[in-house]
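A.B. asks: Sequence unavailable; structure follows:
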């Protein structure tokens, strides 16, 4: 299923990519049982090659089970790939986050889908946002407090939220806290794994608008994972379509929507806007 | 009632500010504690105070013999009568509270600390270490605890320290299992992944990320283990493997008073009631704490 029109760098704005995936594969169930029985295994990603340029937003779309989240976790160093290479700013990226330098861990940040799970319920919001400041910048408690308030303001939250627990704020606000925690590290690359899927539509829009503003101001690169084509169209520069672990098509947004080339992309777009289908 | 008045009331009702989200913290926890548990907490406080103030509250020395005639019935001088050696039962019961609370509390603290640490480590390490650790603990747990305690205390000789450490370590397998299960629920959560992604070490993740989430479980476990230790320590003392003789101990008192039951029931009934009430109190409090913490400890 490797079509001829497959071109990972099609429409890329700059020649030097920030992140490059070369033939990345992943499979689940490789672990062996207690007595060495090989477990059942399944391919999740097959030979995915992609590149992401500085300041670019690449949307990774696909149905659930297509391997989108696995890809984000591999880049974040939370899960090993079974094959392929990942390069970041010209150097090869170690598979395990613990084997990466502090700078690499700082520059690549991940935001998860569900803020209920990604924020520790027993930590006050200020502590959650302050931890990367302590870990990566060694800021003192006093400096951290100042920075936490700045970060809360940056994600449009009042400063007294620093003393609240996650369960005392709404879902959308929690996702803003997760965003503030990622921004605290001053990342170059933000991996957004379905970050608005768990939120109401109106809240989705406000979180995305905020992320858009931050992106424009900081020149952040985004790997934006979503199953929502409308969000991808509105938010991304390029779209990569993933289907059952294989990359079908990578194209700039207008091009992909105007002339989808892969049959799966065509089907996806048809499902997305049935009204435009001629009958 | 006029329509406008109904309307005004409706507006008033609708404009009530939304209830503040539930505050977490000690205050809210206490507010959710059931009444039985609050009473139990008070009773436990009385137990602790009486034990602490025993030297001032007790009319007689607990060890001094023949402060009265043997087997005196309860009277104004001897509230609970005297035992076979003419010792004041009331004073001995008061002092016995110190032994019981300190030994049971110490044993439960040991259980919770060791079991909690093991549970956290096993849940986070997973894999082979988890398998081996849990199987080993299951083998230990399969030996009846009273028999194992008798063996160990019998071999090392009864002393307060030996009894406390033995009883404390005996419950470690089940404590480990409980804490491990509670911690496992959090190991897979995204905040642990986030911590791994920013490069936190295993110890930091176990202590900072997971431990605060299982604190409620640890509290309940400590409470359960206290009640259990009171019973086991009492049983050991009854069998003669408790704190050595001059120490007033409820379990030992029941055993000593057994022979003279036909002469006076008080040397047996008083310590037995003290043990029963203490265990009941601790269990009620445990139950209340578990309820107040709710399913999401």
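C.D. replies: Received it, and whenever you're ready, just let me know what you need. Fair warning: this is a prediction, and the values are worked out from it, not measured in the lab. Numbers count the residues shown, from 1 in each chain, chains lettered A, B, ... in the order given.

A.B. asks: for chain B, what spans make up the strands?
C.D. replies: In chain B, no strands are found when defined by DSSP state E.

A.B. asks: Burial check on the residue in the stretch 151-279 of chain A positioned nearest to chain B, number of neighbours?
C.D. replies: Per CB to the nearest CB, residue A:168 is where the stretch 151-279 of chain A lies closest to chain B, at 4.5 Å. (C-beta placed from N, C-alpha, C; glycine too.) For residue A:168, the neighbour count with other CB atoms under 10 Å in any protein chain shown is 17.

A.B. asks: Would you mind listing what in chain A touches chain B?
C.D. replies: For chain A, the residues in contact with chain B (CB under 8 Å from any CB of the partner chain) are A:34, A:73, A:76-78, A:97-98, A:100, A:102, A:105-106, A:109-110, A:112-114, A:117-123, A:131-132, A:135-136, A:165, A:167-169, A:181, A:185.

A.B. asks: Narrow those residues to those in helices?
C.D. replies: A:73, A:76, A:102, A:105, A:106, A:117, A:118, A:131, A:132, A:135, A:136, A:181 (DSSP state H).

A.B. asks: what's residue A:24 sitting at in phi/psi?
C.D. replies: phi -80, psi 130 (degrees, to the nearest 10).

A.B. asks: before we move on, the earlier item: quick one: which two of the ones in helices among the residues of chain A next to chain B are the most distant?
C.D. replies: A:102 and A:117 (25.1 Å; CB to CB).

A.B. asks: can you point me to the longest helix in the chain?
C.D. replies: Since you didn't name a chain, this refers to chain A. Max-length helix for chain A by DSSP H is helix A:201-218.

A.B. asks: Not quite, go with chain B.
C.D. replies: Max-length helix for chain B by DSSP H is helix B:89-125.

A.B. asks: What residues of that one count as buried?
C.D. replies: The neighbour-count check on helix B:89-125 (16 or more other CB atoms under 10 Å in any protein chain shown) flags B:89-101, B:103-112, B:114-124 as buried.

A.B. asks: wait, residue B:206 sits on residue B:119?
C.D. replies: No: with contact defined as CB atoms under 8 Å, residue B:206 does not count as touching residue B:119 (10.0 Å).

A.B. asks: ok, residue A:177 touching residue A:161?
C.D. replies: Yes: checked against CB under 8 Å, the pair residue A:177 and residue A:161 is within contact range at 7.4 Å.

A.B. asks: tally of neighbours for residue 53?
C.D. replies: All of this is about chain A. So residue A:53, with other CB under 10 Å, has 20 neighbours.

A.B. asks: my question was about chain B
C.D. replies: 11.

A.B. asks: Relative to residue A:171, how far out is it?
C.D. replies: 53 Å (CB to CB, to the nearest Å).

A.B. asks: what sits against residue A:208?
C.D. replies: A:196, A:231, A:234, A:235 (CB atoms under 8 Å, 6 or more residues apart in numbering or on different chains).

A.B. asks: Looking at these, which two lie furthest apart in space?
C.D. replies: Farthest apart among the contacts of residue A:208 - using CB to CB - are A:196 and A:234, which lie 11.3 Å from each other.

A.B. asks: Any stretches of chain B with poor pLDDT?
C.D. replies: The model of chain B has pLDDT under 70 over residues B:1-25, B:295-297.

A.B. asks: Show me the residue at the heart of it, geometrically.
C.D. replies: Centroid check for chain B by CA atoms, centre = their mean gives residue B:226 as the closest residue, at 2.2 Å.

A.B. asks: you'd agree that residue is up against residue B:103?
C.D. replies: No: the criterion here is CB under 8 Å, and residue B:226 misses it with residue B:103 at 10.3 Å.

A.B. asks: who touches residue B:73 in this structure?
C.D. replies: Contact partners of residue B:73, counting by CB under 8 Å, 6+ apart, are B:81, B:264, B:266.

A.B. asks: 10 Å instead, please
C.D. replies: B:80, B:81, B:82, B:263, B:264, B:265, B:266 (CB atoms under 10 Å, 6 or more residues apart in numbering or on different chains).

A.B. asks: tell me the mean pLDDT for stretch A:130-144?
C.D. replies: The average pLDDT for stretch A:130-144 rounds to 95.

A.B. asks: Any idea how far apart the tips of stretch B:140-151 sit?
C.D. replies: 14 Å (CA to CA, to the nearest Å).

A.B. asks: do the same with stretch A:208-226
C.D. replies: End-to-end for stretch A:208-226, by CA to CA: 12 Å.

A.B. asks: Next, the buried residues of that stretch.
C.D. replies: Buried residues in stretch A:208-226, counted by 16+ other CB under 10 Å: A:208, A:210, A:211, A:214, A:215, A:220, A:221, A:222, A:223, A:224, A:225, A:226.

A.B. asks: And the average pLDDT for that stretch is what?
C.D. replies: Per-residue scores along stretch A:208-226 average to 92.

A.B. asks: What segments of the stretch 101-250 of chain A are strands?
C.D. replies: A:108-111, A:189-193, A:221-226, A:238-243, A:246-252 (DSSP state E, counting those that start in this stretch).

A.B. asks: could I get those strands as TSV with distance to residue B:271?
C.D. replies: Listed next are the strands of the stretch 101-250 of chain A as TSV, based on distance: least, CB to CB, whole Å:
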stretch	distance to residue B:271
strand A:108-111	61
strand A:189-193	62
strand A:221-226	67
strand A:238-243	72
strand A:246-252	75
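
A.B. asks: of all those, which lies closest to residue B:183?
C.D. replies: Nearest of the strands of the stretch 101-250 of chain A (CB to CB): strand A:108-111, 22.9 Å.

A.B. asks: How far does the closest one sit from its chain's centre?
C.D. replies: Remark: strand A:108-111 is offset 7 Å from the chain centroid, using CA atoms, centre = their mean, to the nearest Å.

A.B. asks: Equivalent analysis for stretch A:266-274, please.
C.D. replies: The answer for stretch A:266-274 is 24 Å, by CA atoms, centre = their mean.

A.B. asks: Stretch B:184-192: which residues count as buried?
C.D. replies: In stretch B:184-192, counting by 16+ other CB under 10 Å, buried: B:184, B:186, B:187, B:189, B:190, B:191, B:192.

A.B. asks: which residue packs closest to the fifth one, ignoring adjacent ones?
C.D. replies: Sequence neighbours aside, residue A:118 is the residue nearest to residue B:190 in space, at 3.8 Å (criterion: CB to CB, 6 or more residues apart in numbering or on different chains).
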